[in-house]
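A.B. asks: Generate coordinates for the sequence data below:
(2 chains)
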There are 2 protein chains.
Amino acid sequence: MSSKPNVRRGTAEDAEALARLLRRFNDEYEDKPIDHDLTVERINALIASGEGVFFLAGMDGRDPLGFAYLQFNPSLYSRTRDAYLGELYVVPERRGEGMGRAMLEAVLEEARAKDAVHISLGTSVDDTEARGLYESTGFTNLEGGDDGPSMLYYERDL
Amino acid sequence: MSSKPNVRRGTAEDAEALARLLRRFNDEYEDKPIDHDLTVERINALIASGEGVFFLAGMDGRDPLGFAYLQFNPSLYSRTRDAYLGELYVVPERRGEGMGRAMLEAVLEEARAKDAVHISLGTSVDDTEARGLYESTGFTNLEGGDDGPSMLYYERDL
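C.D. replies: Got it, this is the predicted structure:
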């Protein structure tokens, strides 16, 4: 692509489209279906409280082609909130055009604007495209950042 | 050990001792030194807001032998906050006595009491003792939980 992908911040008006794209994302990667109305409610609540920021890339009819979800969490080490990249998704047929990188750059800019000093994320070991993007923008999976051991993400439902 | 390790919830009175233990933890695992006064301030702020909960195990003079830090983050998928195990530490000379497991059980109980439906954490691939503890208490590192790919934790400073 010769032109830089268009990225804009999501507003309450985007909640329905974001929820549809989040469902597409979940259908591709997760085994649990998500509830559309609850997702719309959560997106609106997070935007309203400022705890969550969404970025959208491109448009496919009424829906964006990609989205990023940035969350601000409490921090044990800093008076400012820590940034957490909750989701970064581009529809399969439009990958490789730079939309992911453009959204990630917007995420880092927003996190710095909120005075965050740290950002983290979890990703799959076999998502080599995403890992390459994260590593090329300064993220590390190695504890301490140099030749430390790999850091793993664990989870469970309660 | 025949008796179950004693675990109690940390209060503002424990902030100084917790900050000392957090420094010991950081000296063992991290390359960046932490500021004692800022850590005390953060511990008190998190306890006061309810965004953070600390558990302490055992006592060595004026300081505990281990601590767990449980944090409550916004959630994109649930009206209740997601639980995040920020730290789980036992001093090296007292490992293998069940303090880590007892604190982790208190963490899961507290997360459920706050209606959290999900808990996550990051750990090092070579911390086999901790990974065994997490896996034996229902955590998974595999996406989807069955035979999915391993999930990695990435981070960067801003």
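A.B. asks: what stretches of chain A score poorly on pLDDT?
C.D. replies: A:1-2, A:30-31 (pLDDT under 70).
A.B. asks: change it to 80
C.D. replies: A:1-3, A:29-33, A:60 (pLDDT under 80).
A.B. asks: Run through the helices of it in chain order.
C.D. replies: Using DSSP state H, the helices of chain A run over A:15-29, A:36-49, A:99-113, A:128-136.
A.B. asks: Turn the ones you listed into JSON lines, columns for distance to residue B:70.
C.D. replies: Any C-beta I mention is one placed from the backbone N, CA and C, and that applies to glycine too. What follows is the helices of chain A, written out as JSON lines (distance: least, Cβ to Cβ, whole Å):
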{"stretch": "helix A:15-29", "distance to residue B:70": "26"}
{"stretch": "helix A:36-49", "distance to residue B:70": "21"}
{"stretch": "helix A:99-113", "distance to residue B:70": "24"}
{"stretch": "helix A:128-136", "distance to residue B:70": "27"}
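A.B. asks: looking at those, which is buried most?
C.D. replies: Among the helices of chain A, ranked by average contacts under mean count of other Cβ atoms under 10 Å in any protein chain shown, first place goes to helix A:99-113 (a mean of 20).
A.B. asks: what does that helix contact?
C.D. replies: Identification of contacts with helix A:99-113 by Cβ atoms under 8 Å, 6 or more residues apart in numbering or on different chains yields A:4-7, A:9, A:53, A:55, A:57-58, A:65-68, A:70, A:83, A:85, A:88, A:90, A:119, A:129-130, A:133-134, A:137, B:158.
A.B. asks: Please, a PyMOL command that selects the buried ones among these?
C.D. replies: The buried residues among these can be selected in PyMOL (16 or more other Cβ atoms under 10 Å in any protein chain shown) with this line:
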select buried, (chain A and resi 5+7+53+55+57+58+65+66+67+68+70+83+85+88+90+119+130+133+134) or (chain B and resi 158)
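A.B. asks: thinking again about what came up before, which one of the helices of chain A lies closest to residue B:26?
C.D. replies: helix A:99-113 (22.8 Å; Cβ to Cβ).
A.B. asks: Can you give the distance of the closest one from its chain's centre?
C.D. replies: 9 Å (Cα atoms, centre = their mean, to the nearest Å).
A.B. asks: before we move on, what about stretch A:41-48?
C.D. replies: 15 Å.
A.B. asks: again, but for stretch A:35-45
C.D. replies: Using Cα atoms, centre = their mean, the offset of stretch A:35-45 from its chain centre is 16 Å.
A.B. asks: Determine if any part of it is in contact with chain B.
C.D. replies: Yes - using Cβ under 8 Å from any Cβ of the partner chain, stretch A:35-45 reaches chain B at A:38-39, A:41-43.
A.B. asks: out of those residues, what pair is the most spread apart?
C.D. replies: Spatial extent of the residues of stretch A:35-45 next to chain B (Cβ to Cβ) is set by the pair A:38 and A:43 at 9.7 Å.
A.B. asks: Ignoring the adjacent residues along the chain, who's closest to residue A:59?
C.D. replies: Nearest in space to residue A:59, with sequence neighbours left out and distances taken as Cβ to Cβ, 6 or more residues apart in numbering or on different chains, is residue A:65 at 6.7 Å.
A.B. asks: Hmm, residue A:57 and the one you found touching each other?
C.D. replies: Yes - using Cβ atoms under 8 Å, residue A:65 is in contact with residue A:57, at 5.8 Å.
A.B. asks: shared neighbours, those two?
C.D. replies: Listed contacts common to residue A:65 and residue A:57 are A:90, A:99; contacts here mean Cβ under 8 Å, 6+ apart.
A.B. asks: Counting neighbours, which bits of stretch A:70-82 end up buried?
C.D. replies: A:70-77, A:81-82.
A.B. asks: Check the spacing between residue A:10 and chain B real quick.
C.D. replies: From residue A:10 over to chain B the distance is 12 Å, taken as Cβ to the nearest Cβ, to the nearest Å.
A.B. asks: Give me the neighbour count for that residue.
C.D. replies: Residues near residue A:10, counting by other Cβ atoms under 10 Å in any protein chain shown, number 21.
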